[in-house]
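Q: Fold the following.
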Amino acid sequence: MEYKYLHTINYPSDLKALPLEALPQVCAEVRDFIIQQLSQNPGHLGSSLGTVELTVALHYVFDTPNDQLVWDVGHQAYAHKILTGRRERFHTNRQFKGIAPFPTPAESEYDAFIAGHASNSISAALGIAVGQEAKRQEGEEAKGKRRVVAIIGDGAMTGGLAFEGLNNTSMLKNNLLIVLNDNNMAIDPIKGGFTQYLLDITTSKRYNKWRWGIYRLARKLHLINDSNKGQVQRFANNLKAMLTKQPSNIFQGLNIRYFGPADGHDVQDLVRIFQEIKDYEGPKVLHIITKKGKGYEPAENDQTTWHAPGEFCAETGERLKAKGERQEVLWQEVFGEQLLALAKNDERVVGVTPAMPSGCSMTIMQKEIPDRVYDVGIAEGHAVTFSAGLAKAGLVPYCNIYSSFLQRAYDNIIHDVALPKLHVVFCIDRAGIVGNDGATHHGLLDLAFLRPIPNMAIGAPMTANDLRQMMRIAKDYDGPIAIRYPRGKSVNRTDLPPIVLGQAVCVKPGKEVAVLSIGAIGNTVAEAIQSMNIGKRNLFAHYDMRWLKPIDEYILKEVVENFDTIVTVEDGMIHGGLGSAVAEYVGNRSASPEVGRSASPEDGRQPRVIRLGVNDQFVEHGSTKELYELLKLDKEGICESLLQALEQ
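A: Take a look at the predicted model:
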């Protein structure tokens, strides 16, 4: 496609200079640009194709960045990035040292708030709106009145935080505009009653169009003003309920003015609506209907696959397979196949996922035993507590949540699962470095935040067979148990001893330095040691700890008594994880004689512990190869650290 306008639009001010009639062509060009770019540099395609018209209309009407747009689920925001000074660099999206995968204020003043996880836009936007109004009233805000818009959708309305934000929005004085992008999708189709509720609202399109027309006329005739709008609104809601024999919708019930539903792909109509309601006093919701993947037939027809399709041919829609034939199965596939096997042999086994059945491969079980798989929507806290209820009822729930998303359910884990010691199996996918989605999605905190929780067992498999065995052990464990594993290809290795709860294993004996690893990064450690020359290779002993909790103190005792140097390796934060656990054991052993004797009773020395992992930082985006190299947790980096440990 030849671009008539896009190459002239660097910032929203350039967009505003165009006539309204040009906007449909602008949208077509932005959509084509996204398709062409993502065909070569993979990213989140479907969601951003569905928000092109919305984004163009928002930047055409609102005075960004003075007016602030708070995006929810940042993979809706590619068009936003393109129109706000990042078009020329968009080919670096999600790449190492390139532009960020999601909106972040650190990158652009047009990004009002970080948007890596779902359901936070209403709360954040409300805080910004209320805070700005408070500063304006105190005379501290030089820019005067600023509008704030929250754009929520792509499944995010199923999250509890969104409803908490809505509730508070109805209680505080504010002029927040909430745009509800209703596409009935997250990654997979959205589940739950609220989705059906939105569908019910859209079926009353004639009524809403009529009401919107009456409202505009009444405002022009001054029959409705800011002082009486609440009474008029309540009367209208009651009248509608009486005539239709249906209650007011949830937004109206919270005294939040509801507009819509509107066609989210009619850019000129969206401009008209935004111009009319942008200065309306009080909180308001504009409900728009969009289609995920809009304008690209393959993405419209298979919205789950084309959420993030990888490389593809833009002209034909053919997805390009990665170079080389994949031999190993993915970690998530190992989980999905093993879950199905367990469920077939034990009717108590059920699966729970917060809107990620395809991402975690729970679809494998869902296809064969659909009534025992529960997709609860983007609601991690609910997924955990729901699993606790299932366990209380005598079932064995395998609750699969990505590591970075599990952070959102921390209190639920502690209060609802660990405290009553309920039998919930947490299968923590995407643990460690996940790659191009960056800091919001890396799973680096789970070992550290789970280890202090009483009653919780924590395992991390080094191989695919280890994951299968840990899942079998977890089925009959008495209490909560977590199993964490990374994204990507699993390692098929069968020469290691069977998994036993709380027991580590010596992968390779050695003489001088003990290397203790946990999880899949142990394979990189094994490669690093193997790559050293024969003489140095035999100096390093390698232990796969397997379980962070209960940790194998018999192995630790053996290591402490036989080595002067211990190196721990983990793909997580070094503060609180395996390295901390080993250092605590060594320190407690030295300080408390009753625990056992020190490593060298003759001179009172104790072994030094060198911890390899992620230090006190958020890790940027890039490929896993680039990031492990950056962190010196790749084979070469680990070799370098081991040699330094040997020489010191």
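Q: drop to CA atoms for contacts and neighbour counts, all remaining ones
A: OK.
Q: got the buried residues for the host helix or strand of E640?
A: In the assignment (DSSP states H and E), E640 maps to helix 635-647. Neighbour counts over helix 635-647 (16 or more other C-alpha atoms under 10 Å) mark K635, E636, G637, I638, C639, S641, L642, A645 as buried.
Q: swap in stretch 6-24?
A: For stretch 6-24, by 16+ other C-alpha under 10 Å, it's L6, I9, N10, Y11, P12, L15, K16, L23, P24.
Q: what does stretch 127-134 give?
A: Residues of stretch 127-134 classed as buried: G127, I128, A129, V130, Q132, E133 (neighbour count, 16+ other C-alpha under 10 Å).
Q: again with stretch 352-370
A: Residues of stretch 352-370 classed as buried by neighbour count (16+ other C-alpha under 10 Å): 352-366.
Q: show me the contacts for C399.
A: Under the criterion of C-alpha atoms under 8 Å, 6 or more residues apart in numbering, the neighbours of C399 are G351, V352, T353, A383, V384, S387, V424, V425, F426, C427.
Q: Just list whatever residues bridge to the last one.
A: When bridges are called by DSSP bridges, C427 pairs up with N400, I483.
Q: distance of it from D72?
A: Distance of C427 to D72, computed by C-alpha to C-alpha, to the nearest Å: 26 Å.
Q: Which of these two has more residues huddled nearby?
A: D72 (31 against 27; other C-alpha atoms under 10 Å).
Q: these two touch, right, that one and V149?
A: No: with contacts counted by C-alpha atoms under 8 Å, D72 stays clear of V149, the gap being 10.7 Å.
Q: Identify the single longest strand in the protein, thanks.
A: strand 565-573 (DSSP state E).
Q: I'd say S48 and H75 touch.
A: Yes: contact criterion C-alpha under 8 Å: S48 and H75 qualify, at 6.4 Å.
Q: before we move on, the earlier item: just the angle between the longest strand of the chain and helix 635-647, please?
A: Angle, strand 565-573 to helix 635-647, by axes from the mean of the first three to the mean of the last three C-alpha atoms, to 10 degrees: 150 degrees.
Q: ok, and for the next helix-or-strand element following strand 565-573, which residues are buried?
A: Moving toward the C-terminus from strand 565-573, the first helix or strand encountered (DSSP H and E) is helix 578-591. By 16+ other C-alpha under 10 Å, the buried positions in helix 578-591 come out as L578, G579, S580, A581, V582, A583, Y585, V586, G587, R589, S590.
Q: elements contacting helix 578-591?
A: helix 553-562, strand 565-573, strand 608-614 (3 or more C-alpha pairs under 8 Å, 6 or more residues apart in numbering; DSSP states H and E).
Q: at 10 Å instead, please
A: Packing partners of helix 578-591 (3 or more C-alpha pairs under 10 Å, 6 or more residues apart in numbering; DSSP states H and E): helix 446-450, strand 513-517, strand 547-549, helix 553-562, strand 565-573, strand 608-614.
Q: who's in contact with the helix or strand that the second one is followed by?
A: So that's strand 513-517. Counting by DSSP H and E, the next helix or strand C-terminal to strand 513-517 is helix 521-531. Residues outside helix 521-531 that contact it (C-alpha atoms under 10 Å, 6 or more residues apart in numbering) are 432, 460-463, 485-486, 491, 493, 507-508, 515-518, 536-546, 569-571, 633-640, 642.
Q: Distance from the chain centre to helix 521-531, please.
A: Its chain's C-alpha centre and that of helix 521-531 lie 30 Å apart, by C-alpha atoms, centre = their mean, to the nearest Å.
Q: any idea which of the helices and strands packed on helix 578-591 is most buried?
A: strand 513-517 (a mean of 27; mean count of other C-alpha atoms under 10 Å).
Q: pLDDT on that one, on average?
A: Mean pLDDT, strand 513-517: 97.
Q: can you give me the strands in the stretch 251-400 of the chain?
A: Taking DSSP state E, counting those that start in this stretch to define them, one finds strands in the stretch 251-400 of the chain at 257-263, 284-289, 349-353, 373-375, 396-402.
Q: weakest of those strands by average pLDDT?
A: strand 257-263 (a mean of 87).
Q: so what does it touch, helix or strand wise?
A: Against strand 257-263 (3+ C-alpha pairs under 10 Å, 6+ apart) you get strand 177-182, helix 193-202, helix 205-220, helix 229-244, helix 250-253, helix 267-277, strand 284-289.
Q: Partner strands of that strand, with direction?
A: strand 284-289 (parallel).
Q: Enumerate every residue touching I499.
A: Residues counted as contacts of I499 (C-alpha under 10 Å, 6+ apart) are P461, N465, D466, L467, R468, Q469, M470, R472, I473, V505, R546, W547.
Q: In what element of secondary structure is it found?
A: Using DSSP H and E, I499 falls within no helix or strand.
Q: Look up how far G459 lies from it.
A: Distance of I499 to G459, given as C-alpha to C-alpha: 10 Å.
Q: got any residues that touch both of these two?
A: Both I499 and G459 are in contact with D466, L467, M470, R546, W547, where contact means C-alpha under 10 Å, 6+ apart.
Q: Of the residues you listed - the most surrounded one?
A: Once you tally neighbours by other C-alpha under 10 Å, R546 ends up highest among those, having 30 neighbours.
Q: Any chance you could list what contacts stretch 632-643?
A: For stretch 632-643, the external contacting residues (C-alpha under 10 Å, 6+ apart) are 513-515, 521, 523-532, 536, 540, 566-567, 569-571, 610-614, 624-631, 644-647.
Q: Okay, helices next: where are they in the stretch 401-550 of the chain?
A: Assigned by DSSP state H, counting those that start in this stretch, the stretch 401-550 of the chain shows helices spanning 403-406, 410-411, 446-450, 464-475, 521-531, 534-537.
Q: just checking, what packs against the first one?
A: Contacts of helix 403-406 with other secondary structure elements, assessed using 3+ C-alpha pairs under 10 Å, 6+ apart, are made with helix 380-392, strand 425-429, helix 446-450.
Q: just how off-centre is the second one within its chain?
A: Read it as strand 425-429. Put simply, strand 425-429 sits 15 Å off its chain's centre (C-alpha atoms, centre = their mean).
Q: show me what contacts N181?
A: Contacts of N181 by C-alpha under 10 Å, 6+ apart are 50-51, 54, 72, 76, 151-157, 261-262, 264, 286-291.
Q: Swap in 6 Å and give it another go.
A: Contacts here follow C-alpha atoms under 6 Å, 6 or more residues apart in numbering; on that basis N181 touches I152, G153, I288.
Q: And those, which is closest to A308?
A: G153 (16.9 Å; C-alpha to C-alpha).
Q: bridging residues for the closest one?
A: N181.
Q: any idea how far the nearest residue to R319 once chain neighbours are set aside is from S623?
A: Nearest residue to R319 in three dimensions, chain neighbours excluded: F312, at 4.1 Å (C-alpha to C-alpha, 6 or more residues apart in numbering). Distance of F312 to S623, computed by C-alpha to C-alpha: 19 Å.
Q: And G50, by the same measure?
A: Taken as C-alpha to C-alpha, the span from G50 to S623 is 26 Å.
Q: What separation do you get for the nearest residue to F405 once chain neighbours are set aside and A418?
A: Closest residue to F405 in three dimensions, ignoring its sequence neighbours and counting by C-alpha to C-alpha, 6+ apart: E380, at 6.9 Å. Noted for E380: a distance of 16 Å to A418, by C-alpha to C-alpha.
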